[in-house]
Structures are given as C-alpha cells and as structure tokens.
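**Q** Predicted coordinates and the sequence they were generated for:
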Amino acid sequence: MSAINHWSLHQLDIKNVFLHKDLEEEVYMEQPPGFVAQGEYFGKVCKLCKSLYRLKQSPRARFDCFSSTVLKFGLVRSQFDHSVFFRHYEGRHILLVVYVDDIVITGDDAVGIFQLKAYLHSQFQTKDLGALKYFLGIEVAQSKRDIYISQRKYVLDILEETELLECKPVDTLMEPNVKSRS
C-alpha cells in the first residue's frame, strides 16, 4: 500500500514492552538468583503481578495490552493478519503493523499518524525512530516514488556469526533449469 500510494513509512519502538500488562492468571516463580530474602520470606516463592520478559504468558499479555490500546484509539484489527491494524476515516488511511515491540506506521493521514504516535507515547514508553530504515532483518530505503528493500546486512551478520564471511562463493552443483521429480 505504501509503495503504490507513495506513503511515507514511520517506525516506533516500545521499550520494556513486556512490563506493561497485568497477568490474568496466577504465576509464581522462585526467588531470583542474587535475591536474599530475610526472615519470614526465606524459601518462599514470588507471585507475579506483571508480565516479565521470557515468561510464557508475556507475548499474549503484551499483545492484548497493545491491541486494546490501539483499538481505543480507533484502529481496527485486520481479520486476515492480527498484527495489522488500520483506520479509514473521511477518505484518509492509517495502517499499523506490529511485531513484538517494533511498529511500522504508514498512511496518507499525516495528522492522524501524528496523533497516533502521540497517543502511543502517552500509553507506553516509545521511541520514534523516524523514517523506516530496518525492520525484521530487512533494510528499507524509500524515495518519493519507490521503496527498496534488502537483506544484505542480515546475510552479512549471519555470515559473520557463523565465521563464513571470508568464504568464496561457488556455483551450485545443480544444473540450471532442471525440474525436480516428485
């Protein structure tokens, strides 16, 4: 939609995203390493009230919290992809895509996008990263007419991590244009 309509792409990051939601079920944990309980609390477990990072319930609690927040703003959740929210109002459009704590916003409603960013900032500790440059391992560059995407940095990071950065490329052993039999 952004490429077809020449809409700008904005990126936000939510800090401490897992710490914003109360848990709906009871969750207990052992006292964390390094914590030394004194007196009557020695050897007891902790009852969690808020969602914590790496807790099984955290992703759902986080998404429920975020989802209800953007729904209160007036966005609608897509029936086809639950990470996509949108608003069509008086011929203007806003689209929001969320993945954990990364948010991309686009549309032709500049005032609505500004208000949405301000609203999200009032509800969460957000950082406005400006124009979309990098999302889920994809580098993004946008001109007035086009959007260019590349996974070059992602691939280089994988090669570096696996210590294959200095390897030389070779042709595959498969013959070109050969169809596999199944």
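**A** Arrived safely, thanks for sending. Residues are numbered from 1 along each chain as shown.

**Q** Run a quick check on residue 67 versus residue 77, I expect a contact.
**A** Yes - using Cβ atoms under 8 Å, residue 67 is in contact with residue 77, at 6.5 Å. In short, each C-beta sits where N, CA and C put it, glycine included.

**Q** what touches both of these two?
**A** Each of residue 85 lies in contact with both residue 67 and residue 77 under the rule Cβ atoms under 8 Å, 6 or more residues apart in numbering.

**Q** pLDDT weak spots in the chain?
**A** 16-24, 41-43, 49-61, 179-182 (pLDDT under 70).

**Q** which stretches of it form strands?
**A** Taking DSSP state E, the strands of the chain run over residues 9-14, 22-29, 46-50, 76-77, 84-89, 92-99, 102-107, 126-131, 134-135, 138-142, 147-150.

**Q** how about these in CSV, adding distance to residue 36?
**A** As requested, those are arranged in CSV below (distance: least, Cβ to Cβ, whole Å):
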stretch, distance to residue 36
strand 9-14, 33
strand 22-29, 16
strand 46-50, 13
strand 76-77, 45
strand 84-89, 45
strand 92-99, 38
strand 102-107, 37
strand 126-131, 35
strand 134-135, 42
strand 138-142, 46
strand 147-150, 50
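
**Q** most neighbours per residue, which of those strands?
**A** Across these, averaging neighbours per residue (mean count of other Cβ atoms under 10 Å) puts strand 102-107 on top, at a mean of 22.

**Q** From the rest of the structure, what touches it?
**A** Contacts for strand 102-107 (Cβ under 8 Å, 6+ apart): 1-2, 7-14, 92-97, 113, 116-117, 120, 126, 132, 135-136.

**Q** run the last query once more with 7 Å
**A** With contacts defined as Cβ atoms under 7 Å, 6 or more residues apart in numbering, strand 102-107 is touched by 1-2, 7-14, 93-97, 113, 116, 132, 135.

**Q** Sheet partners, orientation included, of it?
**A** Strand 102-107 sits in its sheet next to strand 9-14 (antiparallel), strand 92-99 (antiparallel), going by DSSP bridges.

**Q** Appreciated, that's everything.
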